[in-house]
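1. pasted the sequence and its predicted model underneath.
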There are 2 protein chains.
Amino acid sequence: MSPRGREPLTRERVLGAALELADGGGFESLSMRKVAAAVGVEAMSLYNHVANKEDLLDGLVDIVFGELEAPEPGAADWKDALRRRAHSMRDVLNRHRWAVGLMESRVAPGPENLRFHNATMGCLREAGFGFREAVHASSVLDAYIYGFALQERSLPFDTPEEHGAVIEVKQAAIPDMTPFPYLVEVMTEMATAGYDYATEFAFGLELILAGLEP
Amino acid sequence: MSPRGREPLTRERVLGAALELADGGGFESLSMRKVAAAVGVEAMSLYNHVANKEDLLDGLVDIVFGELEAPEPGAADWKDALRRRAHSMRDVLNRHRWAVGLMESRVAPGPENLRFHNATMGCLREAGFGFREAVHASSVLDAYIYGFALQERSLPFDTPEEHGAVIEVKQAAIPDMTPFPYLVEVMTEMATAGYDYATEFAFGLELILAGLEP
DNA sequence: ACCTGAACACCGTTCAAGT
DNA sequence: ACCTGAACACCGTTCAAGT
């Protein structure tokens, strides 16, 4: 029995604690020692359930893939299915900002990763896209979605008002903006009207979806 | 005089050594101690020329922004200017793969960063885009470019042949692919025909450019 | 003014030792 | 079978001390 009669440590409990740490304190606060402390154990005990930190990250990333809404097989409206998929990805990547740079770079894709990408390719192929066309379509969609999430990630607040305040601080830190008139325009406009990420995301997504056809 | 009659240490020399380290050994090999060793000094000496590691990264990122080809003021063909800008960004981000996750998230934008974004907004505004339209356009373009670079970054090789070989290894590592028929199609096709990132990038870029109009 | 040694509070990971 | 203490080779950064 574990110390203090705790339930036994499992890979799932380790991943769960790690996910909570990453979502809460950010990726840099995700250390083996802190994960261990969160499950009430010494750091070295984690290696009984996880090969190393890379393996832990693989597990975390696949949990995130599991939260994504994959297109249903045989969806009636493929464009709507891809639209819902894209919005789901933005939502999930905003919940797990630390994951943005990791999702695409896993060398060992997990089962949820495979499921998700298989469903995406299936949606496109069934909609009548040729093989190369389907690759093109999913490539441009995912590049846009991940890239948008990357830009959105850096902003540590949610409402347009908060955003405006930060822009003002940023602007004040720059000595002389006169050589950059178009940036002045952007910053003053952002500071007053704010910046709506949801609208912005939808604009680019619809532009891309409009350009895709089997 | 510095030890062994070396030229004096400057911020530029520190940034130059750091850039070389990051480009060579990858971002994780970029430590204050290794940068210091590269310029023949102890780690603590760097703090005379750089506030901290964050400041060093700010400096590196702005060097990368300086390598980007910004649209010329008064460009005759705005679409071609943005096309050249996009390809330049892909080239530079491939030379400095470590920079992909950092470019968009700098809290303190450097002068080259300002120059580049001002030129981009200027190109769009002069082409007749309204303010919000210009923001939409640069947002979708940059999200796509950064996202594409993010996906391209993970592949540590350049030719389609090498890529095919890695796909085969990846495929062999997965136990049972029968639940994922569309992925099997992707992987066999990739393993035989390879994957041309330049063509793929151009497809998405042209799709987006075609959808943009003032 | 710039460089350094020693120190602090951290990392991931290994390994022999415990139960 | 699982957990641990001690250890190793690293981090970024501070600070008092050197020149």
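-> Looks like it arrived, so ask away.
2. in what helix or strand does the most centrally placed residue in chain A lie?
-> Closest to where the C-alpha atoms of chain A average out (C-alpha atoms, centre = their mean) is A:L93, at 2.4 Å. Assessed by DSSP states H and E, A:L93 sits inside helix A:78-95.
3. count the neighbours of A:K79 for me.
-> Neighbours of A:K79 under the rule other C-beta atoms under 10 Å in any protein chain shown: 15. For glycine as for every other residue, the C-beta is placed from the backbone atoms N, C-alpha and C.
4. what helices and strands are in contact with the longest helix seen in chain A?
-> Under DSSP state H, the helix in chain A containing the largest number of residues is helix A:131-153. With contacts defined as 3 or more C-beta pairs under 8 Å, 6 or more residues apart in numbering or on different chains; DSSP states H and E, helix A:131-153 has these neighbours: helix A:78-95, helix A:111-126, helix A:197-211, helix B:131-153, helix B:181-193, helix B:197-211.
5. okay, the angle between the fourth one and helix A:131-153?
-> For the pair helix B:131-153 and helix A:131-153, the angle between their directions (axes from the mean of the first three to the mean of the last three C-alpha atoms, to 10 degrees) equals 110 degrees.
6. where in chain A is pLDDT low?
-> A:1-6, A:155-174 (pLDDT under 70).
7. could you find the closest non-adjacent residue to A:L57?
-> Nearest residue to A:L57 in three dimensions, chain neighbours excluded: A:L102, at 6.2 Å (C-beta to C-beta, 6 or more residues apart in numbering or on different chains).
8. if I look at the one you found, how far off is DNA strand C?
-> Distance of A:L102 to DNA strand C, given as C-beta to the nearest atom of the strand, to the nearest Å: 14 Å.
9. count the residues that sit near that residue.
-> A:L102, neighbours per other C-beta under 10 Å, totals 18.
10. quick one: contacts for it?
-> Applying C-beta atoms under 8 Å, 6 or more residues apart in numbering or on different chains, we find A:L102 in contact with A:57, A:60-61.
11. tell me if the helix holding A:L93 is near chain B.
-> No. Using C-beta under 8 Å from any C-beta of the partner chain, helix A:78-95 stays clear of chain B, coming no nearer than 10.8 Å.
12. and that helix, what's buried?
-> A:78, A:81-90, A:92-93 (16 or more other C-beta atoms under 10 Å in any protein chain shown).
13. in chain A, what residue lies closest to chain B?
-> At 2.6 Å from chain B, A:G147 is the closest residue in chain A, using C-beta to the nearest C-beta.
14. from A:V64, how far out is that residue?
-> To A:V64, A:G147 is 17 Å away according to C-beta to C-beta, to the nearest Å.
15. interface residues of chain A facing DNA strand C?
-> Neighbours of DNA strand C within chain A, by C-beta under 7 Å from any atom of the strand: A:29-34, A:43-44, A:47, A:52-54.
16. if we go to 6 Å?
-> Applying C-beta under 6 Å from any atom of the strand, we find that chain A lies next to DNA strand C at A:31-34, A:43-44, A:47, A:52-53.
17. I'd like the residues you listed as TSV, with neighbour count and secondary structure appended.
-> Formatted as TSV, those follow (neighbours: other C-beta atoms under 10 Å in any protein chain shown; DSSP: H, G, I helix; E, B strand; the rest coil):
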residue	neighbour count	secondary structure
A:S31	13	coil
A:M32	18	helix
A:R33	11	helix
A:K34	14	helix
A:A43	13	helix
A:M44	10	helix
A:Y47	13	helix
A:N52	11	coil
A:K53	15	helix
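18. that older thread, restricted to helices, list the contacts of A:L102.
-> Applying DSSP H to those, the entries found in helices are A:57, A:60-61.
19. just put the residues of chain A next to DNA strand C in TSV and tack on distance to A:F201.
-> TSV is the format used below for the residues of chain A next to DNA strand C (distance: C-beta to C-beta, whole Å):
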residue	distance to A:F201
A:S31	32
A:M32	35
A:R33	37
A:K34	33
A:A43	39
A:M44	43
A:Y47	40
A:N52	35
A:K53	32
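20. and DNA strand D, which of the residues you listed reach it?
-> Restricting those to those touching DNA strand D (C-beta under 6 Å from any atom of the strand) yields A:M44.
21. and which of the residues of chain A next to DNA strand C is nearest to DNA strand D?
-> Closest to DNA strand D out of the residues of chain A next to DNA strand C is A:M44 (3.7 Å), distances taken as C-beta to the nearest atom of the strand.
22. check contacts around that closest one.
-> Residues near A:M44 by C-beta under 8 Å, 6+ apart: A:A36.
23. please identify the deepest-packed of the helices and strands packed on helix A:131-153.
-> Of all the helices and strands packed on helix A:131-153, helix B:131-153 has the most neighbours on average by mean count of other C-beta atoms under 10 Å in any protein chain shown, namely a mean of 22.
24. show me how far that helix is from its chain's centre.
-> The chain centroid and the centroid of helix B:131-153 are separated by 12 Å under C-alpha atoms, centre = their mean, to the nearest Å.
25. nearest residue to A:G66 in space, please, no chain neighbours.
-> A:E112 (3.9 Å).
26. against DNA strand C, how distant is that neighbour?
-> Going from A:E112 to DNA strand C by C-beta to the nearest atom of the strand gives 22 Å.
27. buried ones in stretch A:24-40?
-> Buried residues in stretch A:24-40, defined by neighbour count with 16+ other C-beta under 10 Å: A:27, A:30, A:32, A:35-36, A:39.
28. which of those fall in helices?
-> Among the buried residues of stretch A:24-40, the ones falling in helices (DSSP H) are A:32, A:35-36.
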